[in-house]
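# coords please:
(2 chains)
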Protein chains: 2
Amino acid sequence: MAASPKRILILGGGFGGVYTARLLEKMLAPAEASISLVNRENYWVYQPLLPEVISASIGIMDTVSPIRRLCPRTRLIMREVEGIDLKNRVVNVSPGFRPRATQIPYDYLVIALGSVTNFYGMPGMMENAMPFRTLADALRLRNRVIHALEEADFEADPELRRKLLTFVVGGGGFSGVEVAAELNDFVRAVARNYPHIPKAEIRCVLVHSGKRILPEMVENLALFAQRLLMKRGVEIRLNDRLVAATSEKAVLKSGVEVPTRTIISTVPSVIPQVLQDLDCAQEKGRLIASPYLELKGYEGEVWVLGDCASIKTPSGSPSPPTAQHARREATTVATNIRTAIRGGERATFAFEGLGKLGSLGHRSAVADMFGLRISGFPAWFLLRTIYLMKMPGWNRKLLIAIDWFVALLFPPELVQLNIATASGIAEQHFESGDVIFSQGDLGDSVYVIQEGECEILRDHDGEQKQLAILRNGDYFGEMAVLSGTGRNATVKALTPMRVLLIPKADFNKLRSNVPAFGAVFAELARQRAEPGQDNAMK
Amino acid sequence: MAASPKRILILGGGFGGVYTARLLEKMLAPAEASISLVNRENYWVYQPLLPEVISASIGIMDTVSPIRRLCPRTRLIMREVEGIDLKNRVVNVSPGFRPRATQIPYDYLVIALGSVTNFYGMPGMMENAMPFRTLADALRLRNRVIHALEEADFEADPELRRKLLTFVVGGGGFSGVEVAAELNDFVRAVARNYPHIPKAEIRCVLVHSGKRILPEMVENLALFAQRLLMKRGVEIRLNDRLVAATSEKAVLKSGVEVPTRTIISTVPSVIPQVLQDLDCAQEKGRLIASPYLELKGYEGEVWVLGDCASIKTPSGSPSPPTAQHARREATTVATNIRTAIRGGERATFAFEGLGKLGSLGHRSAVADMFGLRISGFPAWFLLRTIYLMKMPGWNRKLLIAIDWFVALLFPPELVQLNIATASGIAEQHFESGDVIFSQGDLGDSVYVIQEGECEILRDHDGEQKQLAILRNGDYFGEMAVLSGTGRNATVKALTPMRVLLIPKADFNKLRSNVPAFGAVFAELARQRAEPGQDNAMK
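I've put the predicted structure just below:
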């Protein structure tokens, strides 16, 4: 036993990764194995409680737990995984405070990187739809909702106010239903603090591709949930789904357009790019795990579990991407790593699930567990009890219990907790017919057309006159930014468009520091100021 | 009394603005006055508790209170004040979701916009020093500290590790002392969760320009605080101050340089630009208030209070920028607005202060109140009692009391709550001799020199050879970004430098969308790839 400890490297700090590390700390002595875990954040998220962050009914910090406290013997590396070299047994991670490449070698590898939201083929969704997976996503959504309410309270234009008061959630699985329920409850509860918001204009729309929500649940519980949500004011659109988005609306497959400023999408998900790049067999876009949860071709060396893995139980049913399954998968992986080090029998994964639970907000839920199918308050009470039991650490159990108790007494909080700064150069999508900016608006950005066409319109005695049509590679909007005055024309998309937005501050920094950049726009401004051009495009 | 209600507009949602609004709601009937308040955030911050956000010993949301709940009859406008036109009685505010100018007319105006941190004449401070005024500042500092600890735990280079473990606080007044005390306690408490951090390398440095800290306090209490902080491991540098900063160090007036990645500055403060732009008499950079807290030249129409006002009591002593003074100033302002509407006698401001309190973290404080001068645990207990009594709202009182109780039982939290996204094009300052990047680093940004000179160095068999000198308007660092490989040379500042940093992602977006921009760098890369140039500057 004089050999140096085996290097176990775990990628991902979700249920799969963290529970594998916890079990390995118990199963193996420090002399046998050193354990490292790479995760982008230094905390583990108790995913089932994430929707409660929207209303802040529990303390923001209480939905998460520091990985260092959960797995004290594991070396935590707070970086992103950028590449996995299975042949040479080494993982590349992102740089830290200094731009240096870092490689981490391993003897045994555990892949538990979960899934990410993917908007491929859905124009404008990347720019305008918010995913709901991480704590940061939940906080951003909360901030956005509060900002929309603040603006709606002050906004004089009824059309914009209605957009600000409309919230669209895509996906009617557990995650989408919980988000829609929580969001709807929160908006309607705090609206009473906004005296200028017409309460009847608040809309929460849940869009689901199936013929009923909660496909994971038996039909009568799903229908109970559906009726309850509708009674509380959630509009449910079945047999439909989000296909595109702009900053002003959600576009559905049916052709329906919902004017809105806030879109949340809980579907679809794919494995992270770094796993897609692996030369491994995949099934339904996930890495195939053997019955021992090993990666094919790397038996006894690489294991895969959680949302990024395609796992089947002996009965042939796929293991769903839930916390209870990830925890049992972690037991199998940890056991088999011990076997790889000490020898012995490998364990197969054979967990069929204990049941299903879904919160519907406001003291209601649906549960299908231990042969019981219950709904309403008893299900909600059961759900909270189970969540509390499963939460690791006594201080968090205590804090959450207190939070829940206090939340019963007081209305939800409406503090907007914004710590993000300006976002810089970005892309944006417009649908045909969209107004990109209107004559009289302030000049806040310069636009570069990447794809599509738009027209420049100017009001003349109440009539709109077309001044020009712009195409791929053309710039517009620079004149109002250069002059610091309002837009002197309206720009309207003639086709679907992709544009690059350069914010005023960035534009000015580049203009004064990169002369060639400034020259392009100075020349453009000169051309457009010529009489024939009629001062076209501010 | 058939006249329409008078429009009262309050600028600023700190102690001064919010307490004025609360009092006006009580003093005036809705038919007499409509009250509006403009603030960048929708919450009011209980400033004295802000340092506790660093260790999260109280819930983040519990240090703040929604303005809508504190002043239910006041119309809250969550925008920035961009201009005040005293002649025409109108205030310009920043645009909301749409880039439109918004003007708010008023009959009576209350200016309570506080102060901002100003780094004028201190090179590199703007880019590298963090202010500590708002909740966002406190959260950013917490995140930065945790990020530094995570990286220090993983960092192999001992020099960088020491920089990551050094924290410099500028300013030894109440604010600086409380931040230094809280930061020092927090870092040393959570360090036990970072097994690879050498505890002896942790440094918290407090820099103060006077000959003792806490100039607001009597000498023996200040000396008590000084001894206590030093005992807990805070290094105190007196008769010195921050004069410049780079991303790698703090530069002090004495010439001492402290290698660090984290600088917090609590000084100096000035009134916001929008108030500096007013054509009004100022004293020590603040707007002069009359004994009735009116703005000179606008008596009976504009009032000024809080940190942005220069206020003298009848005894001639200046009213300091503290919460207790702002609250009493609000009483005077509200009373005088009522007088302006209803007629009667104006009130003068005559509050001389109840006492002074400063937290030293970890169950200690100093207090000079009611003729008592106490320190240590009794002062700390008094301070918490007073803070709790002064906190508006029963739910917050309850939550904070619970938080404080729970914090006595459990170690501080080490979750890094990062919701900010990438920051975009930025400026940076380098001191003469600083390495901007090193050969072998990853290419993460392109640099444009705004001011100063640097040399390009390449390792040749262990020796550094100078390849070129670059000056104002020159670009560098583009080759590693274009090729996706490491830097093939080291760049070192020869003089103090200002550079523009264009992050890789922004650089690539601009290059592919603005051909003239791309052409500049393509031409540069071609020139530098010529044999005579020896592949100079990646």
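# C-alpha from now on. contacts and neighbour counts both.
Will do.
# in the stretch 401-538 of chain A, what spans have low per-residue confidence?
A:413-414, A:417-423, A:530-538 (pLDDT under 70).
# hey, where'd the strands end up in it?
In the stretch 401-538 of chain A, the strands defined using DSSP state E, counting those that start in this stretch lie at A:426-430, A:435-437, A:445-451, A:454-460, A:463-470, A:475-476, A:490-493, A:497-503.
# out of these, which comes closest to chain B?
Of all these, the one in closest proximity to chain B, counting by CA to the nearest CA, is strand A:445-451 (6.9 Å).
# does the closest one come close to chain B?
Yes. Applying CA under 8 Å from any CA of the partner chain, one finds strand A:445-451 touching chain B at A:V448, A:Q450.
# The strands of the stretch 401-538 of chain A into a markdown table, with extra columns for distance to B:F410 and mean neighbour count?
Output for the strands of the stretch 401-538 of chain A, formatted as a markdown table (distance: least, CA to CA, whole Å; neighbours: other CA atoms under 10 Å in any protein chain shown):
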| stretch | distance to B:F410 | mean neighbour count |
| --- | --- | --- |
| strand A:426-430 | 43 | 21 |
| strand A:435-437 | 53 | 17 |
| strand A:445-451 | 49 | 21 |
| strand A:454-460 | 60 | 19 |
| strand A:463-470 | 62 | 14 |
| strand A:475-476 | 57 | 20 |
| strand A:490-493 | 58 | 24 |
| strand A:497-503 | 45 | 21 |
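# Select, out of those strands, the one closest to A:I146.
A:I146 lies closest to strand A:426-430 among those, at 22.9 Å (CA to CA).
# List the contacts of the residue lying closest to A:F154 once chain neighbours are set aside.
Nearest residue to A:F154, sequence neighbours excluded (CA to CA, 6 or more residues apart in numbering or on different chains): B:I77, at 6.6 Å. Applying CA atoms under 8 Å, 6 or more residues apart in numbering or on different chains to B:I77 gives the contacts A:E150, A:E151, A:F154, B:S36, B:L37, B:V38, B:N39.
# I'd like to know how far B:I77 sits from A:P321.
The gap separating B:I77 from A:P321 is 43 Å, by CA to CA, to the nearest Å.
# next one: A:S432
38 Å.
# One more: A:E294?
From A:E294 over to A:P321 (counting by CA to CA), the distance is 17 Å.
# who has more neighbours, those two?
A count of neighbours by other CA atoms under 10 Å in any protein chain shown puts A:E294 above the other of A:E294 and A:P321, at 23 against 17.
# List the contacts of the residue most central in space within chain A.
Geometric centre of chain A, nearest residue: A:P131, 2.4 Å, by CA atoms, centre = their mean. Contacts for A:P131 were tallied using CA under 8 Å, 6+ apart; they are A:T117, A:D137, A:I264, A:S265, A:T266.
# Now go through those residues and say which are in helices.
A:D137 (DSSP state H).
# now the contacts of A:P131 in CSV, with pLDDT, distance to A:G344 and neighbour count?
Shown next, in CSV, are the contacts of A:P131 (pLDDT from 0 to 100; distance: CA to CA, whole Å; neighbours: other CA atoms under 10 Å in any protein chain shown):
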residue, pLDDT, distance to A:G344, neighbour count
A:T117, 87, 39, 18
A:D137, 90, 43, 18
A:I264, 96, 48, 22
A:S265, 94, 45, 26
A:T266, 90, 42, 23
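# just the contacts of A:P131 now: which is nearest A:D185?
Nearest to A:D185 among these, with distances taken as CA to CA, is A:I264, at 15.8 Å.
# my read: the closest one touches A:G170, true?
Yes. Using CA atoms under 8 Å, A:I264 is in contact with A:G170, at 6.1 Å.
# how deep is the closest residue to chain B within the stretch 101-250 of chain A tucked in, by neighbour count?
The stretch 101-250 of chain A approaches chain B most closely through A:A136 (4.9 Å), counting by CA to the nearest CA. Per other CA under 10 Å, the neighbour tally for A:A136 reads 17.
# where does the stretch 251-400 of chain A have low pLDDT?
Short version for the stretch 251-400 of chain A, where the test is pLDDT under 70: none.
# can we see that at 90?
A:267-269, A:281, A:284-285, A:313-323, A:350-364, A:368-372, A:375-400 (pLDDT under 90).
# For it, which segments count as helices?
A:273-276, A:323-342, A:377-390, A:394-409 (DSSP state H, counting those that start in this stretch).
# Buried residues, the last one. List them.
In other words, helix A:394-409. A:N395, A:R396, A:K397, A:L399, A:I400, A:A401, A:I402, A:D403, A:V406, A:A407 (16 or more other CA atoms under 10 Å in any protein chain shown).
# Also the first one?
Neighbour-count burial for helix A:273-276, counted by 16+ other CA under 10 Å, picks out A:L275, A:Q276.
# again, but for stretch A:112-130
For stretch A:112-130, by 16+ other CA under 10 Å, it's A:112-119, A:123-126, A:128-130.
# One more: stretch A:147-159?
In stretch A:147-159, counting by 16+ other CA under 10 Å, buried: A:H147, A:A148, A:L149, A:E150, A:E151, A:A152, A:D153, A:F154, A:E155.
# List the contacts of the first one.
What that stands for is A:H147. Contacts of A:H147 by CA under 8 Å, 6+ apart are A:Q416.
# go with 10 Å
A:L141, A:D153, A:L164, A:L414, A:V415, A:Q416, A:N418, B:E41, B:N42, B:M78, B:G96, B:F97 (CA atoms under 10 Å, 6 or more residues apart in numbering or on different chains).
# hang on, the fifth one packs against B:L70?
What that stands for is A:V415. No. Taking contacts as CA atoms under 10 Å, A:V415 lies outside contact range of B:L70: 12.0 Å.
# which stretches of the stretch 1-150 of chain A aren't confidently modelled?
A:1-4, A:46-49, A:52-65, A:69, A:95-102, A:117-121, A:126-127, A:133-136, A:139-140, A:143.
# any idea where the strands of it begin and end?
A:6-11, A:33-38, A:43-45, A:64-66, A:75-77, A:81-85, A:90-93, A:102-105, A:108-111, A:116-117, A:129-131.
# For the ones you listed, could you give me CSV that also reports distance to B:G440?
What follows is the strands of the stretch 1-150 of chain A, written out as CSV (distance: least, CA to CA, whole Å):
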stretch, distance to B:G440
strand A:6-11, 26
strand A:33-38, 24
strand A:43-45, 31
strand A:64-66, 33
strand A:75-77, 22
strand A:81-85, 18
strand A:90-93, 16
strand A:102-105, 12
strand A:108-111, 28
strand A:116-117, 32
strand A:129-131, 36
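# how near is the residue in the stretch 201-350 of chain A that chain B sits nearest to to A:E248?
Proximity of the stretch 201-350 of chain A to chain B (CA to the nearest CA) peaks at A:R261, 8.9 Å away. For A:R261, the distance to A:E248 (CA to CA) stands at 5 Å.
# out of those two, which sits in the busier spot?
Neighbours were counted for A:R261 and for A:E248 using other CA under 10 Å; A:R261 has more, 26 against 21.
# surely the more buried one meets A:N128?
Yes. In this structure, A:R261 is within contact of A:N128 by CA under 10 Å, at 8.3 Å.
# who touches both of these two?
Common neighbours of A:R261 and A:N128 are listed as A:A245, A:T246, A:S247, A:E248, A:K249, A:A250 (criterion: CA under 10 Å, 6+ apart).
# Might one say that the second one is in contact with A:G433?
No. With contacts counted by CA under 10 Å, A:T246 stays clear of A:G433, the gap being 11.4 Å.
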